[in-house]
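Participant: Could you work out the structure for the sequence below:
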Amino acid sequence: MPEHAIATPQADATAAGLAAFAAGGNALDAALAAAATLCVTYPHNCALGGDLFALVRTPAGATTSVNASGPAAAAADAAALRAGGAATMPIAGPESITVPGLVAGWEALHGLGAALPWAAALEAATGHADDGFAIGRSLAGAIAGQAGAIAADPGLRALLLPDGRPLGAGATLRQPALAATLRTLAAEGPRAFYDGPLAERLTAGLAAAGCRLAAADLAGFRAELTAPLRRRCGALELLTSPPNSSGVLVLQALAALAAADVAAPLGDDAGLLAELLRLGGEQRDAQLADPRAAAPDLDAWLGEARIAELVARARDRAAGNVPVPAGEPSPRPGGDTVAVVALDGEGRAVSLIQSVFHSLGALLLEPRTGVLMHNRGSFFSLVPGHPNELAPGRRPAHTLMPLLVERDGRLRYVLGTMGGKAHAQVHAQVIARLEAGMRPQEAVAAPRWVIGGVEVGEPDDTIRVEADVDPAAQAAFARAGMRAVPIAARSEWCGHAQAIAVDPVDGRLAAGSDPRADGRAAVGGG
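Facilitator: Have a look, this model is predicted:
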C-alpha cells in the first residue's frame, strides 16, 4: 500500500481513518470516516448539527474549497431580537442555531472522488454510537464544566448527566438515537438529513424548543464549492477557504510577517507577530461577512498597501512606541471544533474542519434524532447595517479555516486546527516551527500563546501564554505593552492542531497530532 497519513484530535477517529485506508479508500474516505466518528466521540467539539469547511487537493494539484456553513433561517429577525432588549446575539439556545451544513459538506467531499461507498464513511461512527466508547479527558472536562447548562436541556441531560451526575473520563457513552440517525443516512444518503422524514423529525423537535429553522430552510441547502483563496507569503503559497471563512487572516498575517522580514517571529519578534494577528482579528470583527451579502474587497485585507500598513503599525507596537489600545473584550479564543488532515499515496490531500462553535454548541440536543445543534448564529452582529448583521438566509462570519501549504508548486503541509477566533494564531505559530525545521509532532506540541480578551472588561491585547513559551517571546510581549496572562503548558486555550508534512526531497510523510487533545497521528503503507 502506498504511504498515507492522517491526524485527528481523538484516537478512535484516527483508527477509523486508518481502517478506511486499509479497505482501499483514499484520503477523502479516511477523512470522512474520521469526521463521522468525531461527531460521536467528540460531541463537545463537533456534531451532525454543526458545520464544515474543507480543502481537497487532487493528485494533479487542483484544489477545491468546500463551504458547508449554513445560513440563518428564513424567519430570522434581528429587529425582533433588538426589540426584545438584545444588543448582541444569544450565545446559546434556539436563536443561536443556523442551518447545520456539516452533512451536506460530507456529501460534497464524497462527490469529489471518494473510492468507497457513501455508507462506508458512517460504519465506524455508527458502531461507536451503538456500542459506546470511553469518554476522553477533553470531553469529560467539557461535561463537568458545563453541567449546569447541560441539565437545562432534556436531550443533553439524559445523555451526559445520567442519575444527575456528569459522566467522567473513562465512562462509556452510548447514543442510540444518534446511531439510528446515522443508519438512516447510510441507507438513504446524505440528503435524508435535509429532506424527508428524518429532516421533518429534526425540524419539528427544534421548533418545539423555539428554533426558527423550518423544513424549507434545510431542504434548500447545498454546500458551496469554489476555488480556494491563495496567497504567496515569502517562499510559501498558502491556500485556504475564502470569506465567510476567516482564512484570509492567516494569509494576511504571514504575508505581513514575510514583508517585515523578521528573524525570530516566535522569539524576539513575537510581539510583532502577536500584534499582526490582533490587528487582523480587529478587521475581521468589523468587516468579515457572507460574500453573498457583502462582497469582500480582498485588497483591503491582502493588498500591498494594507500589508505595509499592518507591518508599520505592528513594528511600532512591538517597540512600545504606541499607546496601549483600550480594546473591547472578544469571545474566548479557544473554540469547539475539530480538524482532520489526511493525505494518500496518490497525492490527494484533505484539510477538513468541522465545528459546533462553542463547547456543546447551542446546548440543545434534539432527542428523537440524537442531533446536537451548533450555535454558529451567535457570531452574527445585531448592529444595524453591520456587514455581518443577522438576516434571513445569510451565513455568519466564520472562524473555521482549512489550510494547505505549497512550495514551488508542490504540496508541503496539510494543516488544521481548533481554536475559535485564534485559528490563524495557531496556524502562524505551527508554520513558523515547521519552517524552522521541526517535525510535525514537535511543531504542534510546542509551546503557544493566543491573543484576545476573554473576561468582562478584558481588552483584546490580553495574551495568554503557556508556561513554557520562550522567555524571549514573553519579553517581547512585555515590550509591546501586552497584558500577559500565564496558563498551563499544553492548554486547550491554545487549540488542537493537526499537521502532515511532505518531505521536499524524497516525498516521505510525517504527521503530528496535538497533545492538547486526545488524538493520534499515523503514517502507514510505504
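
Participant: helices or strands next to the lengthiest helix in the chain in the packing?
Facilitator: Identified as the longest helix of the chain according to DSSP state H is helix 270-287. Counting by 3 or more CB pairs under 8 Å, 6 or more residues apart in numbering; DSSP states H and E, the packing neighbours recorded for helix 270-287 are helix 248-260, helix 299-302, helix 304-318, helix 423-435, strand 449-451, helix 471-479. Backbone N, C-alpha and C define where each C-beta goes, glycine included.

Participant: Turn the ones you listed into TSV, columns for mean neighbour count and mean pLDDT.
Facilitator: Formatted as TSV, the helices and strands packed on helix 270-287 follow (neighbours: other CB atoms under 10 Å; pLDDT from 0 to 100):
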stretch	mean neighbour count	mean pLDDT
helix 248-260	24	97
helix 299-302	16	97
helix 304-318	18	97
helix 423-435	26	97
strand 449-451	28	96
helix 471-479	17	97
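
Participant: Residue 346 is nearest to which of those?
Facilitator: Residue 346 sits nearest to helix 423-435 of all those, at 23.0 Å, using CB to CB.

Participant: Please put the alpha-carbon coordinates of the next helix or strand after that closest one into PDB.
Facilitator: Using DSSP states H and E, the helix or strand that follows helix 423-435 towards the C-terminus is helix 440-445. Output in PDB follows, covering the C-alpha atoms of helix 440-445 (Å, rounded to 0.1, in the frame of the first residue of the first chain):
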ATOM      1  CA  PRO A 440       5.000  17.900  12.700                       C
ATOM      2  CA  GLN A 441       4.700  16.300  16.100                       C
ATOM      3  CA  GLU A 442       7.200  18.600  17.600                       C
ATOM      4  CA  ALA A 443       5.600  21.600  15.900                       C
ATOM      5  CA  VAL A 444       2.000  21.000  17.100                       C
ATOM      6  CA  ALA A 445       3.200  20.200  20.600                       C
END
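
Participant: list the buried ones in helix 440-445?
Facilitator: 440, 441, 443, 444, 445 (16 or more other CB atoms under 10 Å).

Participant: How far off centre is that helix?
Facilitator: Relative to its chain's centre, helix 440-445 lies at 18 Å (CA atoms, centre = their mean, to the nearest Å).

Participant: ditto for stretch 150-169
Facilitator: So, by CA atoms, centre = their mean, the centroid of stretch 150-169 is 25 Å from its chain's centroid.

Participant: likewise stretch 267-279?
Facilitator: For stretch 267-279, the distance to the chain centre is 22 Å (CA atoms, centre = their mean).

Participant: list the buried ones in it?
Facilitator: 267-279.

Participant: Show the average pLDDT along it.
Facilitator: When pLDDT is averaged along stretch 267-279, the result is 97.

Participant: ok, residues contacting it?
Facilitator: 249, 252-253, 256-257, 260, 262-266, 310-311, 313-315, 317-318, 424-425, 428, 432, 449, 451-452, 460-461, 463, 470, 472-473, 475-477, 479-480, 482 (CB atoms under 8 Å, 6 or more residues apart in numbering).

Participant: now do stretch 143-154
Facilitator: Everything outside stretch 143-154 that qualifies as a contact, by CB under 8 Å, 6+ apart, is 44, 92, 135, 156-157, 160-161, 164, 166-168, 359-360, 363-365, 367.

Participant: Give me the buried subset of the residues you listed.
Facilitator: 44, 92, 135, 156-157, 160-161, 166-167, 359-360, 363-365, 367.

Participant: Give me the subset of those lying in helices.
Facilitator: 156, 157, 160.

Participant: Just send these back as JSON lines, with pLDDT and distance to residue 70 too.
Facilitator: Formatted as JSON lines, those follow (pLDDT from 0 to 100; distance: CB to CB, whole Å):
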{"residue": "156", "pLDDT": "97", "distance to residue 70": "21"}
{"residue": "157", "pLDDT": "97", "distance to residue 70": "26"}
{"residue": "160", "pLDDT": "97", "distance to residue 70": "24"}
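
Participant: measure residue 426 to residue 154 for me?
Facilitator: Distance, residue 426 to residue 154, using CB to CB, to the nearest Å: 35 Å.

Participant: again with residue 287
Facilitator: 40 Å.

Participant: Looking at these two, which has the bigger crowd around it?
Facilitator: residue 287 (18 against 12; other CB atoms under 10 Å).

Participant: number of nearby residues for the nearest residue to the more buried one once chain neighbours are set aside?
Facilitator: Using CB to CB, 6 or more residues apart in numbering and skipping the chain neighbours, the partner closest in space to residue 287 is residue 387 (6.0 Å). Close neighbours of residue 387, defined as other CB under 10 Å, add up to 19.

Participant: what's the pLDDT at residue 396?
Facilitator: pLDDT recorded at residue 396 is 97.

Participant: And residue 295, by the same measure?
Facilitator: 87.

Participant: Residue 33: helix or strand, and which one exactly?
Facilitator: Going by DSSP H and E, residue 33 is in helix 27-41.

Participant: could you point out which element follows that helix?
Facilitator: Next helix or strand after helix 27-41 toward the C-terminus (DSSP H and E): strand 51-57.
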